[in-house]
Structure formats: C-alpha cells, structure tokens
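J.: Got a predicted model here, sequence first, then my questions.
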Amino acid sequence: MLAGLVKQALHWIQGDALMFHVAIKTSLVTGLCALTLIALPTLASAQQQTFNAAGQARAKMQKSHSRTGMVGGGYRPWSVWSYQKSARVHAQVLNAYGQNCKQVPPEIVKEHLGQVRKDIVAAKAEVKKFGADAAKEADVKKHLDALEKQLTECEQLCGMMEKTIGQDGVETTQFCAHCSDLETKLKAAELEHTELLKKLGIKLPVPKSDHVDHEKQK
C-alpha cells in the first residue's frame, strides 16, 4: 500500500513539473511575441525615417542639378557620362586596330590610349567631388565606391597596355587581351554610373537625333 502511495505521489509531482514547464515555456513565447510586436514598428519607423532622409537629400540634389548641372560637392553627372563614352569609343578603336592590323604603329596606340587614360582620370576626379557626406545622405555610397573601383581597374589596364608598346610596334596578342578587358570594365563602369543616376533621379542626355526618332515613332 505504501508503495502505491509513493508511486501516486511521484506521478502527481511529475505532472505538476510538466505543467510548470509548459507554463514557463508559454510565458516565454508570449513575452518574445510581445517584444517582437513592440520592436517591429520601431524598426519600420527607423527604416522609413532613413528612406525619407535619403529621399529628401536626393530631391535637393535634383534641384541643384537642374540649376547648375552639379550635385554634392561639385560632381557633374553629364561630364562623367561624356568621359565614359569617350573612353569606350577610343578603347573600341584600339581593339579594332589590334584585331585587324598586323603591325600597329606605336604612335596610333599611344594617341588613343592616352585619351582613354585622360578620360578615366577625369571621371575619377568627378567621382571624388561628390563627397562622402553627400553620398551617405543620399544613400548612394555603394554606387560611388563601385564606380571608383571599376575606374581604377580601367586605369591599371591602361598601364598594362602601355607595356605592350615597343619602339617598332605593339605586342598584338597581349595588347588585344588587355584591350578586351578594358572594354568590359569600361562598360561595367558606365552601367554603374547609369544606376547611380537612376537612384538620384537624374536623366542622361538624349542626342538630338534620338529625339527626332522618338517623335517619328509617336
């Protein structure tokens, strides 16, 4: 009989312990849910405030650009666009010479390569004018960092291409390989710049001929 009473007592104790464990677990889950419900609106509010602040900064930059053609600390988007277009055209010309001519005179390569480097240096200088504080305010720092990195890599490729130029000619195989890489990098930099301008709400210039074609299509 005593054994039966002990067994029943243990059963009751185990049952109470289980109920206590379930109660504690339920309380913890309820508490966590409550904290989450409290934190979510706060987080959403903070994100909204950040978005609104960046949006306001970009709106100011749009107004600045409509007045002076500049944003941030003097960054000129359309000038960068022109430098990038020019660099790509000259890189394409160099590639055409390398692919189609058996013996390219060094002076031709130096002329076009010099222009590519000049345009890249000018574009990088403009990127730095944007300013770190302005980039952070407008939430475009990652685009500017990526653009500067790509332009730096293009500049390094120009240095590699210069090493292929000899007194009597150009080492065509290596030259063409570097030239192809340069075209790819320049295109990537141009696309990054386009994404930057989209985020800033600044449209790229449209050539007059494109305006005419667009009007004809209406």
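T.: Everything's here; your move. Just so it is clear, the structure is predicted and the values come from calculations on it, not from any experiment. Residues are numbered from 1 along each chain as shown.

J.: Going by secondary structure, the residue nearest the centre of the chain is in what exactly?
T.: The centre of the chain sits closest to His143, judged by C-alpha atoms, centre = their mean, with a distance of 3.0 Å. Following DSSP states H and E, one finds His143 within helix 141-162.

J.: Now that helix: buried residues?
T.: The neighbour-count check on helix 141-162 (16 or more other C-beta atoms under 10 Å) flags 143-144, 146-148, 150-151, 153-155, 157-158, 161 as buried. Any C-beta I mention is one placed from the backbone N, CA and C, and that applies to glycine too.

J.: what's the residue nearest to the centre of the chain in contact with, if anything?
T.: By C-beta atoms under 8 Å, 6 or more residues apart in numbering, the contact set of His143 is Glu192, Glu195, Leu196, Lys199.

J.: out of these, which are buried?
T.: Glu192, Leu196.

J.: Which of the contacts of His143 fall in helices?
T.: In this view, the contacts of His143 that belong to helices under DSSP state H are Glu192, Glu195, Leu196, Lys199.

J.: Out of the residues you listed, flag the one nearest to Glu183.
T.: Ranked by distance to Glu183 (C-beta to C-beta), those are led by Glu192 at 15.1 Å.

J.: Report the angle between whichever helix or strand Val93 is part of and helix 141-162.
T.: Remark: Val93 resides in helix 77-100, with elements defined by DSSP H and E. Put simply, helix 77-100 runs at 30 degrees to helix 141-162, going by axes from the mean of the first three to the mean of the last three C-alpha atoms, to 10 degrees.

J.: circling back: same list (the buried residues of helix 141-162) but as a markdown table, adding pLDDT and distance to Cys176.
T.: Output for the buried residues of helix 141-162, formatted as a markdown table (pLDDT from 0 to 100; distance: C-beta to C-beta, whole Å):
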| residue | pLDDT | distance to Cys176 |
| --- | --- | --- |
| His143 | 96 | 31 |
| Leu144 | 96 | 31 |
| Ala146 | 97 | 27 |
| Leu147 | 97 | 26 |
| Glu148 | 96 | 27 |
| Gln150 | 97 | 21 |
| Leu151 | 97 | 22 |
| Glu153 | 97 | 18 |
| Cys154 | 97 | 16 |
| Glu155 | 96 | 19 |
| Leu157 | 96 | 12 |
| Cys158 | 96 | 15 |
| Met161 | 95 | 10 |
